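Participant: return a 3D structure for these sequence lines:
(chains A and B)
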Amino acid sequence: MRTSLNEIKQCDEYLQGKLNPEEHILFEAKLLISPVWRFNLHVLKQVHAVIRLYGWIQMKKELDEIHSRILHDPDKKTFCQNISNIFLKN
Amino acid sequence: MHLYKEYNADVMLLIEKQDIHLPELRTKFFEDMYEEVFPAVAIFVRHRNGSLQDAKDIFHDALIILYEKMLNNTLPVEVPADRYLVGIAKHIWIRKFNRDKSVVPLDETEAAITIPDDYFPAPNDQKLLTLLEQTGKRCLDMLRSIYYDKLSVHKVAELFGYRSVHSASVQKFKCLEKMRDIVKRKLIHHEDFFE
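Facilitator: All right, here's what the predicted structure looks like:
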C-alpha cells in the first residue's frame, strides 16, 4: 500500500485499539511531536462518527419498512387490531 | 415469550457466523421482536399520552440499541429479551422527553440498563454525512459493514465482490482516505461549518 494509506491504516488501528503495545507507544509519540498526525487523527475520528450515523440511518429505514409491512400484512390482522386498540382507548 | 437465553444462543450463532448482517436474517430477528415486544412498548407509551408514532420511534431506537449491544457483546446474558427491550424503551422515553426517572417505573433490571450517551446523532455529523455522500454509496455501504455491522474484511470481500481480502482492505483505506480528505478540506476552508 502507498504511504498515505499506511498512515490511515495506523490511525485507524489506533482508534480501534488494534495496535500492539509497542506500536501504540510509538504512535502516541508521533502524536506528541506532530500536529499533522494529531489533525489527521482528529479528522478520522469524525469520519468514524459519520459512518456510525450512516449505519444508524440505514437501520431506521430498514425498521420503517418492517413496521409498514407488519401493520399492512393481512395475515397479522389480530396483531394490527391489538395495536390500534391500544391507541383508541381513552 | 422467548427467553433471552434462547435468543442469545440463536443470536450469538448469527453473530459468530457474521450472518446477523445479512438483511433477511436480521429482518427475521427484528420481525420476531416486533410481534413479541412492540405491544408492551405501545402500552407504556400510550399510558403516558404518547402516540403510535412516538411508540414506533422509541421502539425502533430501542431495537437499534439492542442490535448495537449484540454486535459489541455488551448484552447481559441473564436478562430476557422482551424485558431488556422494554427497559431500553423506557430509558429512551425518559431521555427523549426529559422525564424524571423517578416518575417512570423501573424495576431493578431495567434500572441497571444504560443507553449510550452519544446515541442520538450530533447535528455536525448530519451535515458531514451529506458532504460525505459524494464519495458514493458503495464506499459508505462498505464502511458501514465494517465499522457499524462489525463484519470481518473477509466477509466484506465476499459481499462486495472483491477477489481477495487484501483488495477489500486496500479499498477500505482508500474510502477512508477519500472521506478524510473531504473533511480536511472542509475544516481548513470553512471553519464555520462546525459550530
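
Participant: contacting residues for B:Leu52?
Facilitator: By CB atoms under 8 Å, 6 or more residues apart in numbering or on different chains, B:Leu52 lies in contact with A:Ile83, A:Phe87, B:Ala42. (Glycine included, C-beta is placed from N, CA and C.)

Participant: next one: B:Phe160
Facilitator: By CB under 8 Å, 6+ apart, the residues touching B:Phe160 are B:Arg138, B:Asp141, B:Met142, B:Ser145, B:Ala168, B:Gln171.

Participant: and if we set it to 7 Å?
Facilitator: B:Phe160 makes contact with B:Met142, B:Ala168, according to CB atoms under 7 Å, 6 or more residues apart in numbering or on different chains.

Participant: ditto for A:Glu28
Facilitator: Contacts of A:Glu28 (CB under 7 Å, 6+ apart): none.

Participant: if I look at it, how far off is A:Asn40?
Facilitator: The gap separating A:Glu28 from A:Asn40 is 14 Å, by CB to CB, to the nearest Å.

Participant: same question, A:Lys30
Facilitator: Applying CB to CB, the value for A:Lys30 to A:Asn40 is 10 Å.

Participant: shaky segments in chain A?
Facilitator: A:89-90 (pLDDT under 70).

Participant: close to chain B: what parts of it are there?
Facilitator: Contact residues (CB under 7 Å from any CB of the partner chain) of chain A with chain B: A:1, A:4-5, A:8-9, A:12, A:40, A:43-44, A:46-56, A:58-60, A:63, A:66-67, A:70, A:79, A:82-83, A:86-87.

Participant: thinking again about what came up before, so which of the contacts of B:Leu52 sit within helices?
Facilitator: Judged by DSSP state H, the contacts of B:Leu52 include A:Ile83, A:Phe87, B:Ala42 as members of helices.

Participant: nearest residue to the second one other than its sequence neighbours?
Facilitator: Right, A:Phe87. Distances taken as CB to CB, 6 or more residues apart in numbering or on different chains put B:Leu52 closest to A:Phe87, at 5.1 Å, once the chain neighbours are dropped.

Participant: check contacts around the closest residue to chain B within chain A.
Facilitator: Distance from chain B to each residue of chain A (CB to the nearest CB) is smallest for A:Gly55, at 2.9 Å. Neighbour list for A:Gly55: B:Arg144, B:Tyr148, B:Asp149 [criterion: CB under 7 Å, 6+ apart].

Participant: equivalent analysis for B:Leu106, please.
Facilitator: B:Leu106 sits next to B:Lys90 when contact means CB under 7 Å, 6+ apart.

Participant: and chain A, is the strand or helix carrying B:Phe44 touching that?
Facilitator: Per DSSP states H and E: B:Phe44 is located in helix B:23-46. Yes - counting by CB under 7 Å from any CB, chain A is contacted by helix B:23-46 at B:Thr27, B:Phe30, B:Glu31, B:Tyr34, B:Glu35, B:Pro39, B:Ala42, B:Ile43, B:Arg46.

Participant: packing partners for that helix?
Facilitator: Under the contact criterion of 3 or more CB pairs under 7 Å, 6 or more residues apart in numbering or on different chains; DSSP states H and E, the helices and strands touching helix B:23-46 comprise helix A:35-71, helix A:77-88, helix B:52-71, helix B:81-96.

Participant: now the residue of chain B found nearest chain A. Nearest residue, chain neighbours left out?
Facilitator: Residue nearest to chain A within chain B (CB to the nearest CB): B:Tyr148, separated by 2.9 Å. Spatial nearest neighbour of B:Tyr148, excluding adjacent residues (CB to CB, 6+ apart): A:Gly55 at 2.9 Å.

Participant: also B:Ala122?
Facilitator: Once flanking residues are discounted, B:Ala122 sits nearest to A:Ala49: 7.3 Å by CB to CB, 6+ apart.

Participant: just B:Pro39 next, same as before
Facilitator: Distances taken as CB to CB, 6+ apart place A:Asn82 nearest to B:Pro39, at 6.0 Å, with adjacent residues excluded.

Participant: same question, B:Thr135
Facilitator: In this structure, B:Thr135 finds its nearest non-sequential neighbour in B:Lys178, 4.9 Å apart by CB to CB, 6+ apart.

Participant: sorry, back to before: please report the number of neighbouring residues for the residue nearest to B:Ala122.
Facilitator: Burial of A:Ala49 is recorded as 17 neighbouring residues (other CB atoms under 10 Å in any protein chain shown).

Participant: returning to what we had before: top of the contacts of B:Leu52 by neighbour count?
Facilitator: Within the contacts of B:Leu52, neighbour counts (other CB under 10 Å) peak at B:Ala42, which reaches 25 neighbours.
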